[in-house]
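Asker: coords below, sequence missing:
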Ligand code: PMP
C-alpha cells in the first residue's frame, strides 16, 4: 500500500534519528550464529510450563513476577525486594537508565559493546560517553574511571563483553569500584555469566552486599534458551530497584515467560549441561582459530570475536556464502555465536577461507 512517509507531528529529533536495532542477515538453510542464541530447543518441561500459561491468556499477568522474584532472591541470597524482573534484561537496563539518567546526565560504558547501550540514554534524554576498549578488546576500566564527571549518573560494565567475549577480572573490578563514588550507579551486565569458565572473572552477585551502588543484570535468553519469551532480571539495592520498577511499562512480563523461567530453574542441571557443551564447542572453535593464525581474545561468552578490521564486510560475505550467519561490526570485526555441533566445522572452514582471502 502506498502511504505517505511524512507527518506534521512534532517528534523528538534524536529519536527520529536513531537507527533501527539491527538483526543479522539470514540465509535459507544456514546456521544462525548472529544473535548469541542458544542452539537447543526448549526442554519439554519448559515448553509445558509455557503451554500451561495459555489457559490464562485472557488475564493480565502480575508484571512484577512475585513468585519468580522470590525464587531468584533465594538463589542469590538477597531479599525479594532487591529483584526486578523485566521483559528481557535489556528492558531492566532501560528502566535503570530512565531511573538514573535524564537530560544533562551522562551514561558511561566501554565501546565496542552491546548495541542497545547507545540507544537507551537517547531515549531517556541523557548523553552517552563511550570509552574505547583496550587493544586486547577488554574494557579499559582505569580509563572509564577517569572519564567520570560530575554529570555521570550510570556506568555499564559488560562481562563477558558483547561482542568481544572478554571478561573483567575480580581484581580489575575491585580496583575500579574503589575509584567510583558510591552515589554513582554501576551496572554489571552479566547476560552471559553462565558461560564463564575463567576463575578470575568477576561475579557480581556476591559483591552486592559490599557495594551500595551496584546492580547485576542476568537473563533467561542465553544460557536458559528463552530468548523468544523475553525475560531477564536485575538485582541490587532496594531503592534503586524500586526506582527502576517505577520506570517500567506496566504488565510487560507475560505469564508464559514467568512460568517458563521458573520451569527452567527447576530443570537447571540439564540446562547447565547444555551450557557446558557450548563451552566445549567454544574451546574447539577458539583453538581452531588460533591454529589458523587469528588473534582472538579468550572467549568467555557463547560467542567468539574475529578482529577482521576493514575487511569485516568481505569476511562476513564469505561466512554467509558458507551458510554461516554471523554479526559483522564494520570496521572492527565479526561476532560468531557458538551454535550447533554441526556448525563448528563449517565455521572453521569459512574462517580458513577468510585467512586465504586476506593473504
Ligand atoms: N546484555 C547483553 C550484553 C546482551 O548481549 C544482551 C542480548 N544480546 C542483553 C543484555 C539483552 O538480553 P535480553 O534482553 O534478551 O535479556
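Answerer: Thanks, I have the structure now. Note that the structure is predicted; figures quoted are calculated from it, not measured. Numbers count the residues shown, from 1 in each chain.
Asker: CA atoms for contacts and neighbours, from now on please.
Answerer: Noted.
Asker: Name the residues of whichever helix in the chain runs longest that come out as buried.
Answerer: Counting residues, the longest helix in the chain under DSSP state H turns out to be helix 268-291. Of all the residues in helix 268-291, those buried under the rule 16 or more other CA atoms under 10 Å are 271, 274-276, 278-279, 281-283, 285-286, 288-289.
Asker: Let's have those residues in CSV, adding distance to the ligand.
Answerer: Converted to CSV, these look like this (distance: CA to the nearest ligand atom, whole Å):
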residue, distance to the ligand
271, 17
274, 18
275, 16
276, 19
278, 16
279, 17
281, 19
282, 17
283, 20
285, 20
286, 19
288, 24
289, 22
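Asker: Now distance to residue 191 too, for those residues, in TSV please.
Answerer: Putting the buried residues of helix 268-291 into TSV (distance: CA to CA, whole Å) gives the following:
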residue	distance to residue 191
271	15
274	16
275	13
276	16
278	15
279	15
281	19
282	17
283	20
285	21
286	21
288	26
289	24
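Asker: Now pLDDT too, for the residues you listed, in TSV please.
Answerer: Listed next are those as TSV, based on pLDDT from 0 to 100:
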residue	pLDDT
271	96
274	97
275	98
276	98
278	98
279	98
281	98
282	98
283	98
285	98
286	98
288	98
289	98
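Asker: who touches whichever helix or strand comes after the longest helix of the chain?
Answerer: The helix or strand immediately downstream of helix 268-291 is strand 303-306, counting by DSSP states H and E. Where contact means CA atoms under 8 Å, 6 or more residues apart in numbering, the residues beyond strand 303-306 that reach it are 36, 163-165, 282, 286, 294-297, 299, 333-338.
Asker: elements contacting the longest helix of the chain?
Answerer: strand 303-306, helix 343-358 (3 or more CA pairs under 8 Å, 6 or more residues apart in numbering; DSSP states H and E).
Asker: For this structure, give me the ranges with low pLDDT.
Answerer: 22-24 (pLDDT under 70).
Asker: any idea how far residue 159 is from the most centrally placed residue in the chain?
Answerer: A centroid search over the chain (CA atoms, centre = their mean) returns residue 191, at 4.5 Å, as the residue closest to the centre. Between residue 191 and residue 159 the distance is 8 Å, computed by CA to CA, to the nearest Å.
Asker: With residue 295 instead?
Answerer: 20 Å.
Asker: If you count surrounding residues, which of those two has more?
Answerer: Using other CA atoms under 10 Å as the criterion, residue 295 and residue 159 rank with residue 159 on top: 28 against 15.
Asker: show me the contacts for the more buried one.
Answerer: Residue 159 touches 165, 166, 167, 168, 188, 189, 190, 191, 192, 193, 202, counting by CA under 8 Å, 6+ apart.
Asker: give me the subset of the residues you listed touching the ligand.
Answerer: Contacts with the ligand within the contacts of residue 159, as defined by CA under 6 Å from any ligand atom: 189, 191.
Asker: Check the buried residues of helix 268-291 and tell me the two furthest apart.
Answerer: 271 and 289 (27.0 Å; CA to CA).
Asker: which residues sit against the helix or strand harbouring residue 95?
Answerer: Here residue 95, judged by DSSP H and E, is contained in helix 89-100. With CA under 8 Å, 6+ apart as the contact definition, helix 89-100 has outside contacts at 84-86, 107, 116, 120-121, 124, 153-154, 185, 191, 217-219, 231-234, 240-241, 243-248.
Asker: Just after that helix, pick out the following helix or strand.
Answerer: Next element after helix 89-100 (DSSP H and E): strand 106-111.
Asker: So what touches that next one?
Answerer: 97, 101, 117, 121, 126-133, 139-140, 144, 147-148, 151-157.
Asker: Selecting buried members of those in PyMOL, what would you type?
Answerer: Buried subset of the contacts of strand 106-111, written as a PyMOL selection, criterion 16+ other CA under 10 Å:
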select buried, resi 97+101+117+121+126+127+128+129+130+131+132+133+139+140+144+148+152+153+154+155+156+157
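Asker: Which members of the contacts of strand 106-111 occur in helices, if any?
Answerer: Within these, residues falling in helices by DSSP H are 97, 121, 144.
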